[in-house]
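Visitor: Test case, fold it:
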Amino acid sequence: MKKFRGSNDYVASGELMNAVNVAIALEKPLLIKGEPGTGKTMLAQSIADALEMPLYIWGIKSTTRAQEGLYVYDTVQRLYDSQFGEGDVSDISRYIRLGRLGEAFTSEEQAVLLIDEIDKADLEFPNDLLWELDRMEFYITETKTTVRTKHRPVVIITSNAEKELPDAFLRRCIFHYIDFPEEEKMREIIRVHYGDIDRRLVDEAMKAFYDIRHMNDIMKKPSTSELLDWIQALQIGGVDVKRIREEIPYVGVLLKKNQDIELLRAYRR
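Guide: Numbers count the residues shown, from 1 in each chain. Predicted coordinates for the structure are as follows:
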């Protein structure tokens, strides 16, 4: 069995790599939590790249229903074909469209399935998937057929903890919380993305970044992805490293709420 050991563009802790490999070995979904910007979504891409598997991404919204991930029955197309004589409308299977979960189940090779931000859906959504994720199969009512996995996918589920997930769902998952990177780990992440960047720029940017994150009353703390964008902006802009902590150039790359920008200005007076 292949083991996940991180990838060239994703820095994974030993605990995270262990969680991924345990989930694969036990054939259970891996539920990943952590504040936004800690690499939850990118983890699935990293696993797919490292293990050379296709990746299927099912992004969850507040209106998403579990059925959509399995399949949809295209009644509109069938009605259109019946009216205009396009093909054999008696063959209902022609109008069954697999969702992302259904595609991962029927993949010709083992795949990685990302169910992204599951906590955005309604409370019943996770429970509606229990059978399918346990048994790795689902029933298509219209054709009276059962779709079973050819190769059990590696299932990664992310949550921003916007709402609590049901206990019955949690029992079926391996759980890992991605902590926000400490400075040493953050430097490693920066090196992965930018290589031999000016160390003085990184030093000053990181000091300013962590100072802002430690401010009281800040509404949306800047994330790892925002720090990476900010460093790139500073580099492209040719900003004098001595100005970084004094002026916080391009502050809108780091802070996305007007209240936080005003708070930063008040702290610096």
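Visitor: Met136: what's it in contact with?
Guide: Listed by CB atoms under 8 Å, 6 or more residues apart in numbering, the contact partners of Met136 are Phe105, Arg148, Thr149, Arg152. Yep, even glycine has a C-beta here, placed from its N, CA and C like the rest.
Visitor: Most neighbours among those, which one?
Guide: Phe105 (24 neighbours; other CB atoms under 10 Å).
Visitor: Report the separation between that one and Thr145.
Guide: Here Phe105 is placed at a distance of 13 Å from Thr145 (CB to CB, to the nearest Å).
Visitor: So which of the contacts of Met136 are in helices?
Guide: Taking DSSP state H as the definition of helices, the contacts of Met136 contribute Phe105.
Visitor: got the contacts of Met136 as JSON lines, with distance to Ile115 and pLDDT columns?
Guide: Supplementary listing: the contacts of Met136 in JSON lines, determined by distance: CB to CB, whole Å; pLDDT from 0 to 100:
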{"residue": "Phe105", "distance to Ile115": "13", "pLDDT": "95"}
{"residue": "Arg148", "distance to Ile115": "19", "pLDDT": "93"}
{"residue": "Thr149", "distance to Ile115": "15", "pLDDT": "93"}
{"residue": "Arg152", "distance to Ile115": "15", "pLDDT": "94"}
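Visitor: possible to save the contacts of Met136 as JSON lines with distance to Lys2?
Guide: JSON lines is the format used below for these (distance: CB to CB, whole Å):
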{"residue": "Phe105", "distance to Lys2": "20"}
{"residue": "Arg148", "distance to Lys2": "23"}
{"residue": "Thr149", "distance to Lys2": "18"}
{"residue": "Arg152", "distance to Lys2": "14"}
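Visitor: Let me know the closest of the contacts of Met136 to Val11.
Guide: Comparing these against Val11 with CB to CB places Arg152 closest, at 27.5 Å.
Visitor: Check whether the closest one really touches Glu27, as I assumed.
Guide: Yes. The pair Arg152 / Glu27 is scored as a contact, 5.6 Å apart, by CB atoms under 8 Å.
Visitor: For the stretch 51-200 of the chain, just list every one of the strands.
Guide: Here the stretch 51-200 of the chain has its strands, by DSSP state E, counting those that start in this stretch, at 55-59, 71-73, 96-98, 112-116, 137-140, 145-148, 154-159, 174-177.
Visitor: Out of these, flag the one nearest Pro166.
Guide: Closest of the strands of the stretch 51-200 of the chain to Pro166 is strand 154-159, at 12.1 Å (criterion: CB to CB).
Visitor: Not counting its own residues, what contacts that closest one?
Guide: The contact list for strand 154-159, computed with CB under 8 Å, 6+ apart, reads 23-24, 28-33, 40-41, 43-44, 47, 51, 53, 110-119, 133, 165, 173.
Visitor: Take the strands of the stretch 51-200 of the chain and write them to JSON lines, including distance to Ser223.
Guide: Converted to JSON lines, the strands of the stretch 51-200 of the chain look like this (distance: least, CB to CB, whole Å):
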{"stretch": "strand 55-59", "distance to Ser223": "18"}
{"stretch": "strand 71-73", "distance to Ser223": "34"}
{"stretch": "strand 96-98", "distance to Ser223": "34"}
{"stretch": "strand 112-116", "distance to Ser223": "16"}
{"stretch": "strand 137-140", "distance to Ser223": "35"}
{"stretch": "strand 145-148", "distance to Ser223": "38"}
{"stretch": "strand 154-159", "distance to Ser223": "14"}
{"stretch": "strand 174-177", "distance to Ser223": "15"}
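Visitor: out of those, nearest to Lys207?
Guide: Proximity of these to Lys207 was assessed by CB to CB; the nearest stretch is strand 174-177, lying at 26.2 Å.
Visitor: Pull out the buried positions in the closest one.
Guide: Neighbour-count burial for strand 174-177, counted by 16 or more other CB atoms under 10 Å, picks out Ile174, His176, Tyr177.
Visitor: where does this protein have low pLDDT?
Guide: Applying pLDDT under 70 to the chain picks out residues 1.
Visitor: Let's see that with 50 instead.
Guide: Scanning the chain for pLDDT under 50 picks out nothing.
Visitor: can you give me the helices in it?
Guide: Using DSSP H, the helices assigned to the chain run over residues 14-26, 40-51, 66-70, 75-84, 100-105, 125-128, 130-135, 167-170, 183-194, 199-213, 224-237, 241-247, 251-254, 258-268.
Visitor: I am finished for the moment; much appreciated.
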